[in-house]
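J.: Got a sequence here, can you build the structure:
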Amino acid sequence: MQNKPIIVVVDGLGGGIGAQLCSKVRQILGSRVEIVALGTNAAATEQILKAGADRGASGENAIRVSIDTGQVILGPLGIVLPDSMMGEITPAMAQAVMAARCKKILLPVNQPHFTLAGMLSVPLSKLIDEAVGLLASELADVIEK
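T.: Next up is the predicted model:
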């Protein structure tokens, strides 16, 4: 049997976006994928695990070491921006995410210290649906139906 694709979900603060992403991935792809939760803190990781992740780890070193284990990374745009998420994303975390060789599917979520020009105001649930749809398309040839 072929190994399951590994999806890495990264989030910070309370892990709400990561938990919603994980839940939607489980709903659409079920057990055909393995989900790894990487939180900037234990609370974020715990929320993603509660939403259905298979395993998880927290903090800068865990993100730096584990980010490259996945075929696809899912998370808010802030995971590639140093000092975003109220300072939780360290420069080392952002660099590790960007340096990962796998595909990244990022949600364009504004933060207090930046605004994305040209982005239509779209509910987070729609962004999550689109991100997981992109994920499913990306993995279509490797997951068992």
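
J.: use CA for all of it now, contacts and neighbours both
T.: Noted.

J.: Show the residue spans covered by the strands in this structure.
T.: 6-11, 34-39, 55-58, 72-76, 103-107 (DSSP state E).

J.: any chance of the ones you listed in JSON lines, with mean neighbour count, distance to Val122 and mean pLDDT too?
T.: Shown next, in JSON lines, are these (neighbours: other CA atoms under 10 Å; distance: least, CA to CA, whole Å; pLDDT from 0 to 100):
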{"stretch": "strand 6-11", "mean neighbour count": "27", "distance to Val122": "20", "mean pLDDT": "97"}
{"stretch": "strand 34-39", "mean neighbour count": "28", "distance to Val122": "25", "mean pLDDT": "98"}
{"stretch": "strand 55-58", "mean neighbour count": "20", "distance to Val122": "29", "mean pLDDT": "97"}
{"stretch": "strand 72-76", "mean neighbour count": "24", "distance to Val122": "14", "mean pLDDT": "97"}
{"stretch": "strand 103-107", "mean neighbour count": "18", "distance to Val122": "11", "mean pLDDT": "96"}
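
J.: Let's have the ones you listed in CSV, adding distance to Gly18.
T.: What follows is the strands of the chain, written out as CSV (distance: least, CA to CA, whole Å):
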stretch, distance to Gly18
strand 6-11, 5
strand 34-39, 8
strand 55-58, 12
strand 72-76, 6
strand 103-107, 10
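
J.: tell me the angle the helix of greatest length in the chain makes with strand 6-11.
T.: Longest helix of the chain, by residue count under DSSP state H: helix 124-139. Angle, helix 124-139 to strand 6-11, by axes from the mean of the first three to the mean of the last three CA atoms, to 10 degrees: 160 degrees.

J.: What residues of helix 124-139 count as buried?
T.: By neighbour count on 16 or more other CA atoms under 10 Å, the buried set for helix 124-139 is Leu127, Ile128, Asp129, Ala131, Val132, Gly133, Leu135, Ala136, Leu139.

J.: Could you list the single helix or strand in the chain with the lowest mean pLDDT?
T.: Lowest on mean pLDDT, DSSP states H and E among the helices and strands of the chain sits helix 84-87, with a mean of 90.
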